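Trainee: one predicted model, sequence on top.
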Amino acid sequence: MIDLHSHTTASDGSLAPRELVREAARRGVRVLAITDHDSTEGLAEALEEAAKHPPLEIVPGVELNTDVEGGEIHILGFFVDYLAEWFQTLLRELREERVQRVYRIAERLAALGLPIEPQEVFALVKEGSAGRPHVAQVLVQRGYVKTMREAFDRYLRNGGPAAVPRKKLSPEGAIEVIRRANGVAVFAHPGLAGKDDLIPGLIQAGLQGIECYYLEHSPGQTATYLQLCKDHHLVSTGGSDYHGPQQGRSNHLGAPSVPLAAYEALKTVKQRAATRG
Ligand code: AMP
Ligand code: ZN
Ligand code: FE
Ligand code: FE
């Protein structure tokens, strides 16, 4: 079983890296990519824990959320050289921007009659990337909404009254960063982004894959993206985007199923990058 998309408490997942890895082992996952938003802080512990659960392998990854006209595009980076100092500096800047965004979201919420303290959000974040899911949790805690789902539907969804975009990175910029870190750049859950018209430009910019297998993709969408990958010689990846239990989504690790070939193709592309230097 292969799962090439997951989150820990290093971003907005609810399981600590070690817990996530143990959960993956329990479920029989053989290859797990950890792709926290703007953070690789979970990887060291995850790798340590995975060593206790052979044959489980960890793919070091990251997910960079970028803003485009009228929406959002998430770019996954697999096998990034995450220890590089320039890369960590950039991730720190992106996380700092997330902190600033929490203040702006709090202002919007106050104007909507739903005051929150940014500190309540940061208390949930610990050392990871502050995100809208943390804000959603605070809205639930305060009793403004019943569920995180309702918080997103009414206020935080893209284009929602309390959603504040982050202006830092374009998808082309994210692809460039991942390529510079010798990673493999993949368009995450394109079916959620609804920006298929941008894909040719992203391929021009160096995109190497598309996340085809994804729970919220219809069979038709999956087929379309698989064909696109075939036509453009891209890697077709897939994953659960698991954020832990009780994160407003009903998915679990290892679903949907992803062919082992996806992992093999990913490694091949990575090796090509490595030999090119
Ligand atoms: P952020 O990185 O702060 O923009 O938040 C992005 C995260 O919010 C995603 O990874 C999802 O976990 C979550 N999210 C985004 N949109 C929704 C939605 N409509 N319903 C539930 N969760 C969502
Ligand atoms: Zn997330
Ligand atoms: Fe995403
Ligand atoms: Fe994700």
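Mentor: Looks like it came in fine. Residues are numbered from 1 along each chain as shown. Ligands and ions are numbered 1, 2, ... in the order given.
Trainee: and the closest residue to ligand 1 within the chain, what does it touch?
Mentor: The minimum distance from the chain to ligand 1, using Cβ to the nearest ligand atom, falls at residue 131 (3.0 Å). To be clear about C-beta, it is placed using only N, CA and C from the backbone, and glycine gets the same treatment. Counting by Cβ atoms under 8 Å, 6 or more residues apart in numbering, residue 131 makes contact with 11, 12, 37, 98.
Trainee: of those residues - the most surrounded one?
Mentor: With neighbours defined as other Cβ atoms under 10 Å, the most crowded of these is residue 11; it has 28 neighbours.
Trainee: in which helix or strand does that one reside?
Mentor: Secondary-structure assignment from DSSP states H and E places residue 11 in no helical or strand segment.
Trainee: tell me the pLDDT of residue 199.
Mentor: pLDDT recorded at residue 199 is 98.
Trainee: identify the residue spatially nearest to whatever residue of the chain ends up closest to ligand 4, adjacent ones excluded.
Mentor: Nearest residue of the chain to ligand 4: residue 241, at 4.4 Å (Cβ to the ion). Among residues not flanking residue 241 along the chain, residue 5 sits closest, at 4.8 Å (Cβ to Cβ, 6 or more residues apart in numbering).
Trainee: ok now do the one you found, which residues does it touch?
Mentor: The contact partners of residue 5, taken as Cβ under 8 Å, 6+ apart, are 33, 35, 61, 63, 76, 188, 211, 214, 237-242.
Trainee: and residue 40, by the same measure?
Mentor: Here residue 40 is in contact with 10, 60, 62, 80, 82, 88, 91 (criterion: Cβ under 8 Å, 6+ apart).
Trainee: selecting buried members of those in ChimeraX, what would you type?
Mentor: Below is the selection syntax for ChimeraX that covers the buried ones among the contacts of residue 40, with 16 or more other Cβ atoms under 10 Å defining burial:
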select :10,60,62,80,82,91
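Trainee: what number of residues lie near the residue of the stretch 101-250 of the chain found nearest ligand 3?
Mentor: In the stretch 101-250 of the chain, the residue found nearest to ligand 3 is residue 188; the distance is 4.8 Å by Cβ to the ion. Other residues lying near residue 188 total 24 when counted by other Cβ under 10 Å.
Trainee: do the same with the one 5 residues further on
Mentor: Residue neighbour count, defined by other Cβ under 10 Å, stands at 19 for residue 193.
Trainee: can you tell me the closest non-neighbouring residue to it?
Mentor: Here the nearest residue to residue 193 in space, its sequence neighbours aside, is residue 73; by Cβ to Cβ, 6+ apart that works out to 5.2 Å.
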